[in-house]
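Engineer: show me how the following folds:
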Amino acid sequence: MRHINKKVIFTLKIACSASYVLMIKTILIIIDYRTFFFFRWLRSPAQLPPGVRKILLRLAIDK
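Structural biologist: As a prediction, the model looks like this:
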């Protein structure tokens, strides 16, 4: 019985570590995606959605 419990615990550890790796990779992909589009929009603001463009223009005027 103890041997079976060790196998179950070992399997759970592997599953948890794999899920953490996937979670970290997903977060890094999301950060990379957001950063890429943010800097692309900074270079060419004409590609910004109209609402975002208006907000940025208002912020620039207020300063």
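Engineer: and residue 11, what element?
Structural biologist: Here residue 11 sits within helix 2-43, counting by DSSP states H and E.
Engineer: burial count for residue 53?
Structural biologist: Look at residue 53: counted by other Cβ atoms under 10 Å, it has 14 neighbours. Using the backbone N, CA and C atoms, a C-beta is placed for each residue, glycine as well.
Engineer: any idea which element it lies in?
Structural biologist: Assigned by DSSP H and E, residue 53 belongs to helix 50-62.
Engineer: now the angle between helix 2-43 and that helix, please.
Structural biologist: Put simply, helix 50-62 runs at 60 degrees to helix 2-43, going by axes from the mean of the first three to the mean of the last three Cα atoms, to 10 degrees.
Engineer: dump helix 50-62 to CSV, restricted to CA.
Structural biologist: The C-alpha coordinates for helix 50-62 follow below in CSV (Å, rounded to 0.1, in the frame of the first residue of the first chain):
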residue,chain,number,x,y,z
PRO,A,50,-10.4,55.0,-32.3
GLY,A,51,-11.3,55.1,-28.6
VAL,A,52,-7.7,54.6,-27.4
ARG,A,53,-6.5,57.2,-29.8
LYS,A,54,-8.9,59.8,-28.4
ILE,A,55,-7.9,59.0,-24.8
LEU,A,56,-4.2,59.4,-25.7
LEU,A,57,-4.8,62.7,-27.5
ARG,A,58,-6.7,64.0,-24.5
LEU,A,59,-3.9,63.0,-22.2
ALA,A,60,-1.4,64.7,-24.4
ILE,A,61,-3.4,67.9,-24.6
ASP,A,62,-3.9,68.0,-20.8
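Engineer: cheers, nothing more for now.
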